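Peer 1: task: produce atomic coordinates for the following.
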Amino acid sequence: MTKSNVRVGLIQMSCVADPAANLERTIGKIRETAAAGAQVICLQEVFNTLYPCQTEDHSNFELAEPISGPTTAALSKIAAELGVVLVVPIFERRAPGLYHNSAVVLDADGSTAGLYRKMHIPDDPLYYEKFYFTPGDLGFLAFQTKYAKVGVCICWDQWYPEAARLTAMQGAELLFYPTAIGWIPGEREIYGASQYSAWQTMIRSHAIANGLFVGAPNRVGREGEIQFWGGSFMADPYGNVLAQAPHEQEDVMVQTCDLSLINTARTHWPFFRDRRIDAFGDLQKRWCER
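Peer 2: From the prediction side, this is the model:
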């Protein structure tokens, strides 16, 4: 394996109501993924709880915890023990009454490489996230780790090309989208295939447009009314799907990512060279009224 090669792991899991049980099972999956050679491992959105946003329930705020709380402390020790980088999405309690949907990047020595707070917050049937989460205030970021520069966006962020572009412009080589997405009742039979295709196509397009590797770990299984569709996958800078998990069961994927391919892709498809940044001012407007 050349120096530019990084082994990337995605963990696709189902969850139960007990956060401690989810954490214990996740640690087992991290060990399995590291044993398979992974150096950078990404978990799914709010990995240690059931997805809390199907109802507007104040008791769900009890699931949140501070950064550098018990979950991140436990996984920091695992990262250092195994020498792996971990992307840890968590329901963050920042202050009383102030909560975020966040992801901590833990470096291979257990230190905190960075923190991302989800910028785009949805409010859809069974995805009532605006009740729980304050929009992120840190911007779009990438964090230098032992193995690669890692960028993170979270779930709903994946539909916004601006988010991927700004993360890439921070130097991200690996861009992760920890996700909790699935079918609501009555949709799978009619729209299921096209919904999954749209999701995967959108994320693959970010890999192509920005010339980097993208990984999207999603949860799987039924929680309440949502059937999470799994289908986690990795894509290379040309949008090729390197690996894809099944829709119905847990899975662990480990793929080799040759980071030198980033330069090759960007040299042959020089989108960054040809961007008309002088003409993009209207992107800061909600709509263009002419």
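
Peer 1: where do the strands sit along the stretch 151-290 of the chain?
Peer 2: 174-176, 182-183, 213-216, 220-223, 226-229, 233-235, 241-244, 251-258 (DSSP state E, counting those that start in this stretch).

Peer 1: show me what the shortest one is packed against.
Peer 2: Judged by 3 or more Cβ pairs under 8 Å, 6 or more residues apart in numbering; DSSP states H and E, strand 182-183 is in contact with helix 188-210, strand 226-229. For the C-beta atoms, the positions are set from N, CA and C on the backbone; glycine is no exception.

Peer 1: so what strands line up beside it?
Peer 2: In the sheet, strand 182-183 lines up against strand 226-229 (antiparallel) (DSSP bridges).

Peer 1: got a list of contacts for the partner strand?
Peer 2: The contact list for strand 226-229, computed with Cβ atoms under 8 Å, 6 or more residues apart in numbering, reads 14, 51, 54, 126, 180-184, 188, 192, 195-196, 218-222, 247.

Peer 1: re the thing from before, and the strands of the stretch 151-290 of the chain: which comes nearest H58?
Peer 2: strand 220-223 (19.1 Å; Cβ to Cβ).

Peer 1: now for the closest one, which elements pack on it?
Peer 2: Strand 220-223 is packed against strand 226-229, with contacts defined by 3+ Cβ pairs under 8 Å, 6+ apart.

Peer 1: and the residue lying closest to G192 once chain neighbours are set aside, what's its pLDDT?
Peer 2: Ranked by Cβ to Cβ, 6 or more residues apart in numbering and with sequence neighbours excluded, the top spatial neighbour of G192 is W183, at 5.7 Å. Model confidence at W183, given as pLDDT, is 96.

Peer 1: and W183, what are its bridge partners?
Peer 2: Assessed by DSSP bridges, W183 has beta-bridge partners Q227.

Peer 1: measure it to I226 for me?
Peer 2: Separation of W183 from I226 (Cβ to Cβ, to the nearest Å) stands at 7 Å.

Peer 1: quick one on the thing from earlier: let me have the helices and strands packed on strand 182-183 in a markdown table, adding distance to L138, mean neighbour count and mean pLDDT as columns.
Peer 2: Converted to a markdown table, those look like this (distance: least, Cβ to Cβ, whole Å; neighbours: other Cβ atoms under 10 Å; pLDDT from 0 to 100):
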| stretch | distance to L138 | mean neighbour count | mean pLDDT |
| --- | --- | --- | --- |
| helix 188-210 | 19 | 16 | 97 |
| strand 226-229 | 27 | 22 | 97 |
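
Peer 1: how about those, which one is nearest G114?
Peer 2: That would be helix 188-210 among the helices and strands packed on strand 182-183, by Cβ to Cβ, at 18.6 Å.

Peer 1: what's downstream of whatever helix or strand T26 lives in, the next helix or strand?
Peer 2: Taking DSSP states H and E as the criterion, T26 maps to helix 19-35. Later in the chain than helix 19-35, the nearest helix or strand by DSSP H and E is strand 40-42.

Peer 1: list the buried residues in that following strand.
Peer 2: Within strand 40-42, the residues that count as buried by 16 or more other Cβ atoms under 10 Å are 40-42.

Peer 1: what pairs with it, parallel or antiparallel?
Peer 2: In the sheet, strand 40-42 lines up with strand 5-12 (parallel), strand 85-95 (parallel) (DSSP bridges).

Peer 1: buried ones in whatever helix or strand comes next after it?
Peer 2: Later in the chain than strand 40-42, the nearest helix or strand by DSSP H and E is helix 70-82. Judged by neighbour count (16+ other Cβ under 10 Å), helix 70-82 contains these buried residues: 71-72, 74-76, 78-79, 82.

Peer 1: from these, which is closest to A279?
Peer 2: Within the buried residues of helix 70-82, the smallest distance to A279 is 41.9 Å, found for T72 (Cβ to Cβ).

Peer 1: name the SS class of the closest residue to that closest one other than its chain neighbours, please.
Peer 2: Using Cβ to Cβ, 6+ apart and skipping residues adjacent in sequence, the residue nearest T72 is V104, 5.4 Å away. The three-state label given to V104 by DSSP: H, G, I helix; E, B strand; the rest coil is strand.

Peer 1: quickly list what V104 is bridged to.
Peer 2: V88, L115.

Peer 1: dump the residue contacts of it.
Peer 2: Contacts of V104 by Cβ under 8 Å, 6+ apart are 67, 72, 87-88, 90, 112, 114-115.

Peer 1: so for the helix holding T26, what's the average pLDDT?
Peer 2: 98.

Peer 1: what is the neighbour count of G83?
Peer 2: By other Cβ atoms under 10 Å, the residues close to G83 number 14.
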